[in-house]
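Q: what follows is a protein structure lacking sequence information:
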C-alpha cells in the first residue's frame, strides 16, 4: 500500500525520547506532520508532539495506550538491552509484534519504519565482530550472519505484519548515531562531552579509549538529523518502500584526525592511541562524584553520570578490531542524497548539549 503523499499524515514515533526519536519528532513536526510520541515517560520538551506513555514490554499497557490512535506511519526507534541475546530477541521482537498487533484494529497504518544498525553485519553483543563478518563497506544485500540476532527478529516481525496487514515497510541501518538524549544507552557525542568535562575538572588529558585499528583506519558515522531525514524520505517515497537502507553521513574519517579536533572543541588536551586500548569504563572509574560536583556547579539537568554517559557503548564502537564502513549506493540510486559533515555533527551536538544544560560550558 504506497503512502499517499497528499493525504494528512500522523506519525507514531516509538521511542520518542531517544537519540533517534528526538531528532525524528523535531523533523516531522517541522514538516507539518501530526506527531504522537510513544515512550515510557512523557515527551515534554518538544513542541508539537502529543505524548502517549506506555511500557513497550507490557502488551496490555500498549493496547490501552494506543486505543483510539490511528497513525498512518509508524517509526520504531526503541530497544531494551537484555542480559543475553536470547532475551534481546524475545523482548525486542516482542515489542514490535505487540505494538503492531495493538494498532491492527485501527487499520490505519500505511508504512512502518524500523531502525536497527550495524550489528546486522557485525553480529550481536555476544558474538560481536566474530566469525565470518563481511568485508567493508557493508552492503544491504549481505546474507545474515549465523548468530541469533534481535535485529533479524525485529525485521521478521515487521515483514510478517506487513504481509498480513498490507502496509509498506523500510529498515534503516545507521552507524554510530550522533545526537542528544539524556538516558540513552548509545550516545557517543554526549559520552565524549561528559568525558571531556571530567578531564577538565580533574586536570587530565582527553585519552582516546579505543583500538589502533580504529585510531588509524577509516570509519563513518550517522547524524541523528540525517537518519530522521532518511526515515521521512523512505516513508513518503513510494519507490523507496520495502527495502533496507544503510544510512551514514557520506564522509569518512580517521579517529587520529578527528580526536584532536573534538578535543579542541571540548577544551581538553588530546592523547591518542598508545600501545593498547584504554577503555572509558576503566578511565572513568570513580568519576561519579566529580560529575555530581560539575552538575551542581553549572546547574546541569542530570547529576547521575550513568544517565549522561554510556562508557560501555563508546568503548565497544571505538574498541573494534575491524574497519567499519557502510555502502550507501542503494539509497543514492533510489534518490536519497542527504549528507552531513561528521565533524560538524559532533560540534552541533556539543552546542545543543551545552544549551540544554546536559554538559557544562567550556571555559
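A: Received the coordinates, thanks. Values in this document were obtained by computation on a predicted structure and should not be read as measured data.
Q: just the helices in the stretch 1-150 of the chain please.
A: 19-30, 59-66, 85-88, 94-103, 119-122, 150-165 (DSSP state H, counting those that start in this stretch).
Q: just put those helices in TSV and tack on distance to residue 352.
A: From N, CA and C alone the C-beta is placed, and that goes for glycine too. Below are these laid out as TSV (distance: least, C-beta to C-beta, whole Å):
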stretch	distance to residue 352
helix 19-30	10
helix 59-66	29
helix 85-88	30
helix 94-103	28
helix 119-122	26
helix 150-165	28
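Q: out of the ones you listed, the one nearest residue 197 is which?
A: For residue 197, the closest of these is helix 19-30, at 19.0 Å, according to C-beta to C-beta.
Q: okay, the closest residue to residue 264 other than its chain neighbours: pLDDT?
A: What sits nearest to residue 264 in space, not counting adjacent residues and going by C-beta to C-beta, 6 or more residues apart in numbering, is residue 270, at 7.9 Å. Per-residue pLDDT puts residue 270 at 98.
Q: next one: residue 2
A: 42.
Q: do you know how far residue 16 is from residue 150?
A: Taking C-beta to C-beta, to the nearest Å as the measure, residue 16 falls 21 Å from residue 150.
Q: what's the answer for residue 240, then?
A: Distance from residue 240 to residue 150, by C-beta to C-beta: 25 Å.
Q: which of those two has more neighbours?
A: Here residue 240 and residue 150 are set side by side on neighbour count (other C-beta atoms under 10 Å), and the busier one is residue 150, at 26 against 21.
Q: kindly provide the distance from the spatially closest residue to the more buried one that is not a sequence neighbour to residue 34.
A: In space, residue 150 comes closest to residue 88 once its chain neighbours are excluded; the distance is 4.0 Å by C-beta to C-beta, 6+ apart. For residue 88, the distance to residue 34 equals 32 Å [C-beta to C-beta].
Q: so which of those two has more stuff around it?
A: Legend: neighbour count by other C-beta under 10 Å for residue 88 and residue 34, higher for residue 88 (23 against 16).
Q: give the full set of residues in contact with the more buried one.
A: 81-82, 124, 150 (C-beta atoms under 8 Å, 6 or more residues apart in numbering).
Q: most neighbours, which of the residues you listed?
A: residue 150 (26 neighbours).
Q: beta partners of residue 223?
A: Beta-bridge pairing of residue 223 under DSSP bridges involves residue 178.
Q: show the contacting residues for it.
A: 177-179, 249, 340, 342, 345.
Q: re the thing from before, looking at the contacts of residue 88, which is nearest residue 115?
A: The nearest one, if we look at the contacts of residue 88 relative to residue 115 and count by C-beta to C-beta, is residue 150, at 12.8 Å.
Q: look at the closest one and report its pLDDT.
A: Reported pLDDT for residue 150: 96.
Q: same question, residue 20
A: Value listed for residue 20 in the pLDDT field: 95.
Q: from residue 355, how far out is it?
A: In terms of C-beta to C-beta, residue 20 sits 20 Å off from residue 355.
Q: more neighbours: which of the two?
A: For residue 20 versus residue 355, neighbours defined as other C-beta under 10 Å are more numerous around residue 20 (29 against 11).
Q: distance of the nearest residue to that one once chain neighbours are set aside relative to residue 145?
A: With sequence-adjacent residues excluded and distances taken as C-beta to C-beta, 6+ apart, residue 20 is closest to residue 77, at 4.2 Å. For residue 77, the distance to residue 145 (C-beta to C-beta) stands at 23 Å.
Q: between those two, which one's more packed in?
A: More crowded of residue 77 and residue 145, by other C-beta under 10 Å: residue 77, with 29 against 20.
Q: show me the contacts for that one.
A: 13-16, 18, 20-21, 24, 115.
Q: can I get the residues you listed in JSON lines including distance to residue 96?
A: What follows is these, written out as JSON lines (distance: C-beta to C-beta, whole Å):
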{"residue": "13", "distance to residue 96": "14"}
{"residue": "14", "distance to residue 96": "9"}
{"residue": "15", "distance to residue 96": "11"}
{"residue": "16", "distance to residue 96": "16"}
{"residue": "18", "distance to residue 96": "15"}
{"residue": "20", "distance to residue 96": "15"}
{"residue": "21", "distance to residue 96": "15"}
{"residue": "24", "distance to residue 96": "17"}
{"residue": "115", "distance to residue 96": "11"}
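Q: with respect to residue 51, which of those is nearest?
A: residue 16 (7.5 Å).
Q: what's the nearest residue to that closest one if we skip its chain neighbours?
A: residue 37 (3.0 Å).
Q: next helix or strand past whichever strand or helix holds residue 256?
A: Using DSSP states H and E, residue 256 sits within helix 255-266. Next along the chain after helix 255-266, taking DSSP H and E as the criterion, comes strand 270-271.
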